[in-house]
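Visitor: My questions concern the predicted model and sequence given below.
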Amino acid sequence: MTKNNRSLIKLCYFFIIPFYFIYGCQDHSDRIFWSPYSDLNWDNIGHYDSEFHTHPGLGGEEYDPHQTIDRYHEEGYKILMLAAHDYDIPSDYIDTIYPWTKLSEIYEIIKDVENPTEDNQRYEEIHNEPWQDRDPVELGMVSVQGTEISGPHHTISVFNAYSEGGATEAESFQAITELGGFAYLAHPGRYVERWGLTPHWYVDKYLRFDVLIGQSIYNRQDNHPEDRALYDKIQHLLGGVERPIWLYGEDDMHREAELGWNRDVFLLENFQPGSMYPDIQDGSAPDVMEALQNGYSYLWKPSEQYKKRAFNIINVVVEDTYIELTIDNHENVDEIRWRTHNPIIDDTETVHYGNRISMRDIPEYSLFVRAEIEGSEGTIYTQPFYVTERNEPN
């Protein structure tokens, strides 16, 4: 070994080793965790699968509205929205495909109307058969009103009747706001790939419009694999808890092959079927609306189509300096990893493994972590847990 090499090694020990020793010994006592799950009474929580982005046949999809409802009911979903494309909705005649109890009436209103996006076919020609009414209460489900808005970035508009779509995203978001609804951004990877949208484009929209509550990280089986990293990057740029956004999966179902690939699991107490429509009991519909707004959910991503949840999160303990997850059927879990955005490499990274994470495990640059709980049957993706300053209000 040369004299120069020995000198270099001494410098490394003198500068680098103490740096890592000091960093590793920090207790990060000025930082604490914030969780969207903290207000939940886990002793009474049930787990209810939902789908907000599925198409009911107005544009020539495989199933008519009542058939779509039947298929999701057969697959065990408890919360469902029929999200017709706004450009397929004859807005001079109807707003949305809602309520389910009047599907036959809606069909009679529009059956002779032409759809210009489908070569001016009449809706009667597009559909398989006359629509049949469905009662969400009898089915044990919560029905949600909404639409997929293409204004121009496709957006899932929930709990409102908006269906025309604006010339710009701002127009659509403003209209949804005025109607008291919420929205999340659908398949963002499509627009990153096609239009070159950047994370900063999304950050701008979130900062300007409170009506936006999050975005998709899975579309169908996985049309846009980079959507997870995009979500993390946007979340980091937003600064953490000051502007939380939630993650969702979406079947975006037009055909049977696209059904059952995603289940947003809502965490609710005393679930009752219903709807916000005046002639139907509310049931848990207002609770679904609250949960959607506040992140009381996680995503179950099955390893194969139709696979139902093989395990659940049944408790989340969040103290200032640690998070601990309790999983039922834990023998079905192979790995729990904690993910964050690393601004140095500008990508998502894993910072810890196991059901418990301490603030000591969180890099200084991290503004949030989220858990991925993986087994052979599928993976749970939690909403983000935010890292914030101790003296900041939560």
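Guide: Done, it's in.
Visitor: in the sheet, who's paired with Glu374?
Guide: Beta bridges link Glu374 to Glu335, Thr379 when assigned by DSSP bridges.
Visitor: Need the pLDDT of it.
Guide: Looking at Glu374, its pLDDT stands at 98.
Visitor: Tell me how many other residues surround Leu292.
Guide: Burial of Leu292 is recorded as 25 neighbouring residues (other Cβ atoms under 10 Å). Using the backbone N, CA and C atoms, a C-beta is placed for each residue, glycine as well.
Visitor: and what of Glu74?
Guide: So Glu74, with other Cβ under 10 Å, has 11 neighbours.
Visitor: From Met141, how far out is it?
Guide: Glu74 sits at a distance of 12 Å from Met141 (criterion: Cβ to Cβ, to the nearest Å).
Visitor: Helices along the stretch 201-350 of the chain, start to end?
Guide: Listed in chain order, the helices of the stretch 201-350 of the chain (DSSP state H, counting those that start in this stretch) span residues 227-238, 285-294.
Visitor: Ok, the stretch 1-150 of the chain next?
Guide: Under DSSP H, counting those that start in this stretch, the stretch 1-150 of the chain gives helices at 3-25, 65-74, 103-110, 123-126, 136-139.
Visitor: and the gap between Trp131 and Asp264?
Guide: Distance from Trp131 to Asp264, by Cβ to Cβ: 26 Å.
Visitor: Identify the residues contacting the nearest residue to Tyr306 once chain neighbours are set aside.
Guide: Leaving aside its sequence neighbours, Tyr306 sits nearest to Gly260 (Cβ to Cβ, 6 or more residues apart in numbering; 4.3 Å). By Cβ atoms under 8 Å, 6 or more residues apart in numbering, the residues touching Gly260 are 75, 251, 302, 305-307.
Visitor: With pLDDT and distance to Glu389 added, can I get those in CSV?
Guide: Compiled in CSV, the contacts of Gly260 are given as follows (pLDDT from 0 to 100; distance: Cβ to Cβ, whole Å):
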residue, pLDDT, distance to Glu389
Glu75, 98, 44
Asp251, 98, 39
Pro302, 98, 38
Gln305, 98, 44
Tyr306, 98, 44
Lys307, 98, 41
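Visitor: from memory Pro56 sits against Tyr63, does it?
Guide: Yes: using Cβ atoms under 8 Å, Pro56 is in contact with Tyr63, at 7.2 Å.
Visitor: Looking at the two, which has the bigger crowd around it?
Guide: For Pro56 versus Tyr63, neighbours defined as other Cβ under 10 Å are more numerous around Pro56 (26 against 22).
Visitor: who touches that one in this structure?
Guide: 63-65, 68, 82-84, 97.
Visitor: can you tell me how far it sits from Gln145?
Guide: Relative to Gln145, and taking Cβ to Cβ, Pro56 is found at 12 Å.
Visitor: what's the answer for Thr168, then?
Guide: 23 Å.
Visitor: do Lys205 as well
Guide: 23 Å.
Visitor: just Ile69 next, same as before
Guide: From Ile69 to Gln145 the distance is 14 Å (Cβ to Cβ).
Visitor: Phe33 touches Met359, doesn't it?
Guide: Yes: the pair Phe33 and Met359 passes the contact test of Cβ under 8 Å, sitting 7.1 Å apart.
Visitor: Ala170: neighbour count?
Guide: Other residues lying near Ala170 total 13 when counted by other Cβ under 10 Å.
Visitor: What about it? Give its phi and psi, please.
Guide: phi -60, psi -40 (degrees, to the nearest 10).
Visitor: The stretch 51-200 of the chain: strands as residue ranges?
Guide: With DSSP state E, counting those that start in this stretch as the criterion, the stretch 51-200 of the chain has strands at 79-82, 114-115, 121-122, 142-144, 146-150, 154-158, 182-185.
Visitor: Run through the bridge partners of the residue sitting nearest the centre point of the chain.
Guide: For the chain, Tyr248 is the residue whose C-alpha lies nearest the centre (Cα atoms, centre = their mean; 1.4 Å). For Tyr248, the beta-bridge partners are Ser216 (DSSP bridges).
Visitor: That concludes my questions; thank you for your assistance.
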